[in-house]
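*Asks:* sequence unavailable; structure follows:
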């Protein structure tokens, strides 16, 4: 049962082979057994989970169930869920029980009837690429427990890879869905900016943040995105567009598909084992009938520098709300009001979060705004224009997701710049606001490699189709790590 | 560009984050490494390029000025570090 896809689980529930309470219990028991070592979940609440499962069983019995009703999933601990501790991986929110639901929570659990298995570990405030900045300790990669699962949605990735949950949500500001999916042999999708509501999703860099699904297969991601996407009046950047069925194009043949390879993604800087695996995936796409064309993203080398101005600038503004007054941590001892702010924030935030707040504060300060912030926004435009140009000659863009496979715990945590460079292939997509996917395409040594597919605006259904057809022809996505029985 | 420990302390004060002398020194090293990366942007001529603040060119929606949310003050204040009689409590600011 634990290796079934969402579609297979839905069939088992519909056929009464298993109830939602039984299925949820199965996964809760696995979490209890395996999570102490992997540390993928920060909050599990058996009572609330089983009460949701019982409600789902009632819906199934009454014939009012939706396609995924009764299937348990994990939520990244960045989504506020009423009555659930919601920490965002921070000491600042270590005891915060959300008084309201994120729109994603309402849509997935109240509307679609999915069951919430628990909240997953993550880099603090989604700032990190290894899940090592979490206040709740690092997550171990189920493929090799001496290695990182990637980040910031590392808990979600490890949970699904170890089959502690059939699927999970993530959020992606610079690669935080795609990179952990790649490092843990999963499929993950970052939608076009504005497709999934950000209401109740704790903000890091608001012009880049986007929630999305992480699962075993592209089909699972399509089914989950159906429940997550949609206009939300409560998010001022949510886009008013007609609802889509993201599964509608899954089976379309790939003959005639034009796949663009950006020469910048195939230059030096990528691990040879990762590159060989990606090349083999390109051959598979040729066999599936796709045409390979060369494209260029000439400004992509500027994406990391521009991102580390824009994201910290937005973060320094967003995180000013954590001041010890309305919610979250407050320092135990302080003098005047200013001292209370300074001590609360010094004690409540971890090192990486403080670093990014300081960078943001500096680049927005008087005298530096034009040189850093406006220059970064102009480069953002150049990067977005590169994609517009590239999509004139191709339908999707393909490359590696991450320049390496999963690295060792502690390997990059002392050097922020090295850590930042692990997102060189993913960040440009967020700056442009495009949809992007990661999917398993093989192994380098014993570690999974993730292929990245980038689509044009609102082309999620096509991306899912391109990923799904590949998964019909290969079985990389079906491989599981050892030691999770 | 290179930040001094004094500048680091000044920025930390603007961000309302207390830093010790030792932390200011470590932070200075990290920030200077990050700014060396960021400086790559300065070599690019962006004259005439419109800054891009947002992924989608959409304007802010307006709504009619009517009450749309219910009163949940008690639930929201229940998570505050210190609240009393509907008010958030902070150290005295007016002598």
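*Replies:* Nice, I can see it. The structure displayed is predicted, hence computed values, not measured ones.
*Asks:* buried residues in the longest helix along chain B?
*Replies:* As assigned by DSSP state H, the longest helix anywhere in chain B is helix B:21-38. By neighbour count on 16 or more other C-beta atoms under 10 Å in any protein chain shown, the buried set for helix B:21-38 is B:23-24, B:27-28, B:30-31, B:34-35, B:38. In short, each C-beta sits where N, CA and C put it, glycine included.
*Asks:* following that helix, which helix or strand comes up?
*Replies:* Sequence-wise, the next helix or strand downstream of helix B:21-38 (DSSP states H and E) is helix B:73-77.
*Asks:* list the buried residues of that next one.
*Replies:* residue B:77.
*Asks:* could you find the closest non-adjacent residue to the closest residue to chain A within chain B?
*Replies:* Nearest residue of chain B to chain A, counting by C-beta to the nearest C-beta: residue B:55, 2.3 Å away. Closest residue to residue B:55 apart from its sequence neighbours, by C-beta to C-beta, 6 or more residues apart in numbering or on different chains: residue A:433 at 2.3 Å.
*Asks:* and the one you found, what does it touch?
*Replies:* The contact partners of residue A:433, taken as C-beta atoms under 8 Å, 6 or more residues apart in numbering or on different chains, are A:192-194, A:384, A:457, B:54-56.
*Asks:* can you rerun that using 10 Å?
*Replies:* When contacts are counted by C-beta atoms under 10 Å, 6 or more residues apart in numbering or on different chains, residue A:433 touches A:191-195, A:207-208, A:210, A:237, A:380, A:384, A:387, A:457, B:52, B:54-56.
*Asks:* please apply the same query to residue A:100.
*Replies:* Neighbouring residues of residue A:100 by C-beta under 10 Å, 6+ apart: A:80-83, A:106, A:199-200, B:72, B:75-76.
*Asks:* name the nearest residue to the residue nearest to the spatial centre of chain B, ignoring sequence neighbours.
*Replies:* The residue lying closest to the centre of chain B (C-alpha atoms, centre = their mean) is residue B:15, at 6.9 Å. Nearest non-adjacent residue to residue B:15, counting by C-beta to C-beta, 6+ apart: residue A:361, 4.3 Å away.
*Asks:* how many neighbours does that neighbour have?
*Replies:* As a burial measure, residue A:361 scores 24 neighbours (other C-beta atoms under 10 Å in any protein chain shown).
*Asks:* and it, that one's in a strand?
*Replies:* No - checked against DSSP: H, G, I helix; E, B strand; the rest coil, residue A:361 lies outside a strand; its state is helix.
*Asks:* could you measure from it over to residue A:432?
*Replies:* Separation of residue A:361 from residue A:432 (C-beta to C-beta, to the nearest Å): 26 Å.
*Asks:* please pick the buried ones from the contacts of residue A:433.
*Replies:* Among the contacts of residue A:433, those buried by neighbour count (16+ other C-beta under 10 Å) are A:191-195, A:207-208, A:210, A:237, A:380, A:384, A:387, A:457, B:52, B:55.
*Asks:* what's the weakest-modelled helix or strand in chain A?
*Replies:* Lowest mean confidence among the helices and strands of chain A (mean pLDDT, DSSP states H and E): helix A:416-420, at a mean of 93.
*Asks:* after it, which helix or strand is next?
*Replies:* Using DSSP H and E, the helix or strand that follows helix A:416-420 in sequence is helix A:427-432.
*Asks:* the next helix or strand after that next one pairs with which strands, and in what direction?
*Replies:* Downstream of helix A:427-432, the first helix or strand assigned by DSSP H and E is strand A:436-444. Paired with strand A:436-444 in the same sheet, following DSSP bridges, are strand A:187-190 (antiparallel), strand A:447-455 (antiparallel).
*Asks:* strand A:436-444: how far from the chain's middle?
*Replies:* Between the centre of strand A:436-444 and the centre of its host chain there is 14 Å, according to C-alpha atoms, centre = their mean, to the nearest Å.
*Asks:* do stretch A:257-264 as well
*Replies:* Put simply, stretch A:257-264 sits 24 Å off its chain's centre (C-alpha atoms, centre = their mean).
*Asks:* also stretch B:11-20?
*Replies:* 12 Å.
*Asks:* cool, stretch A:436-452 as well?
*Replies:* For stretch A:436-452, the distance to the chain centre is 15 Å (C-alpha atoms, centre = their mean).
*Asks:* kindly report the same for stretch A:450-466.
*Replies:* Remark: stretch A:450-466 is offset 15 Å from the chain centroid, using C-alpha atoms, centre = their mean.
*Asks:* let me see the mean pLDDT of that stretch.
*Replies:* For stretch A:450-466, mean pLDDT is 98.
*Asks:* ends of that stretch, how far apart?
*Replies:* One end of stretch A:450-466 sits 14 Å from the other (C-alpha to C-alpha, to the nearest Å).
*Asks:* residue A:213: what secondary structure?
*Replies:* Under three-state DSSP, residue A:213 falls in the strand class.
*Asks:* let me see the contact set for it.
*Replies:* A:6, A:73, A:108, A:156, A:167-170, A:177, A:181, A:186-191, A:196, A:220-229, A:246.
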